[in-house]
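Q: coords please:
(one chain, ligands or ions: 2)
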Amino acid sequence: MIQLGVNIDHVATLRQARGTIYPSPVQAALMAESAGADVITLHLREDRRHIQDADVEILRQSLQTRMNLEMAVTDEMVQIALRIRPQDVCLVPEKREELTTEGGLDVAAHFAKVREACAALGAAGIRVSLFIDADRKQLDASKAAGAPVVEIHTGHYADATSRVEQQKEFERIADAVAYGQSIGLQVNAGHGLHYHNVQPIAALPGMAELNIGHAIVAHALFVGWENAVREMKSLMLAARS
Ligand SMILES: CC(=O)[C@@H](O)[C@H](O)COP(=O)(O)O
Ligand SMILES: NCC(=O)COP(=O)(O)O
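A: Residues are numbered from 1 along each chain as shown. Ligands and ions are numbered 1, 2, ... in the order given. As a prediction, this is how the structure comes out:
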């Protein structure tokens, strides 16, 4: 059954805006689990703009489901992951000046470094996912690097400004999802998905997990946090029926 990873980054964004102790990403994560989240995803960025190291530590001891820790491919982050031991790590590209993740990890261009991180994390029992663009070359490189999972970047699909462009991006994603499975990878997807664009992605055969955050946090302002999570999960399951 398709799984929902709720990304709680932007609960922390609201907290960091004033430097208060509220809203608590930990409380958000536990409530999301009660509302149907299968995974809790959080991005410990190098600039700590939202999720803090303490959030990761507390959540690792508190979650009932699974922690999917997103991080850059750096020595600092690999050491943190080896200490915290989340069930899953998703390696993502990071640029300090970016507003949000702008594209997929170029595994092919940074093959040795990615393969080394996959080996170190895998040896510690952590399941590694690579956040990549919908590109067969990146899928082949991910497989060769030893990652069992990939997460297809859906940002270009989400940001499309016309139906024609969105359909073109959707077809790229559909090809990547099918091809990734054909070479033995688990295929997830995420970035920019919301209540009006998620179902075609969720309906793709074999789609294992969607990681969604910004839209759920935004919708929660109007319907409440648990309802926002429940609604997203229901849309995803309905797309599969
Ligand atoms: C990798 C990805 O698409 C997101 O999960 C990532 O967390 C985006 O970064 P921000 O959460 O800082 O926007
Ligand atoms: N990897 C994607 C993710 O975790 C959430 O991205 P978004 O829904 O906040 O854009």
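Q: How about the secondary structure of the residue positioned nearest the centre of the chain?
A: For the chain, the residue sitting closest to the mean C-alpha position, by Cα atoms, centre = their mean, is residue 211 at 4.3 Å. Assigned by DSSP: H, G, I helix; E, B strand; the rest coil, the conformation of residue 211 is strand.
Q: Kindly report the residues of this structure close to ligand 1.
A: Counting by Cβ under 6 Å from any ligand atom, the positions of the chain adjacent to ligand 1 are 7, 9, 43, 45, 70, 92, 100, 101, 131, 190, 191, 211. For every residue, glycine as well, the C-beta is placed using N, CA and C.
Q: so what's the residue nearest to the centre of the chain bridging to?
A: For residue 211, the beta-bridge partners are residue 5, residue 190 (DSSP bridges).
Q: Would you mind giving me the confidence score for it?
A: According to the per-residue confidence, residue 211 scores 98 in pLDDT.
Q: Pull out the buried residues from the residues of the chain next to ligand 1.
A: 7, 9, 43, 45, 70, 92, 101, 131, 190, 191, 211 (16 or more other Cβ atoms under 10 Å).
Q: Pull the residues that contact the longest helix belonging to the chain.
A: Ranked by residue count, the top helix of the chain under DSSP state H comes out as helix 163-182. Helix 163-182 is touched from outside by 134-136, 139, 142, 150, 152, 154, 156-157, 160, 187, 189, 197, 200-201, 204-207, with contacts defined as Cβ atoms under 8 Å, 6 or more residues apart in numbering.
Q: okay if I get the residues of the chain next to ligand 1 as CSV plus secondary structure?
A: CSV is the format used below for those (three-state DSSP):
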residue, secondary structure
7, strand
9, helix
43, strand
45, coil
70, strand
92, coil
100, coil
101, coil
131, strand
190, strand
191, coil
211, strand
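Q: Switch those over to JSON lines; also include distance to residue 84.
A: Supplementary listing: those in JSON lines, determined by distance: Cβ to Cβ, whole Å:
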{"residue": "7", "distance to residue 84": "17"}
{"residue": "9", "distance to residue 84": "17"}
{"residue": "43", "distance to residue 84": "14"}
{"residue": "45", "distance to residue 84": "15"}
{"residue": "70", "distance to residue 84": "13"}
{"residue": "92", "distance to residue 84": "16"}
{"residue": "100", "distance to residue 84": "23"}
{"residue": "101", "distance to residue 84": "21"}
{"residue": "131", "distance to residue 84": "19"}
{"residue": "190", "distance to residue 84": "21"}
{"residue": "191", "distance to residue 84": "23"}
{"residue": "211", "distance to residue 84": "18"}
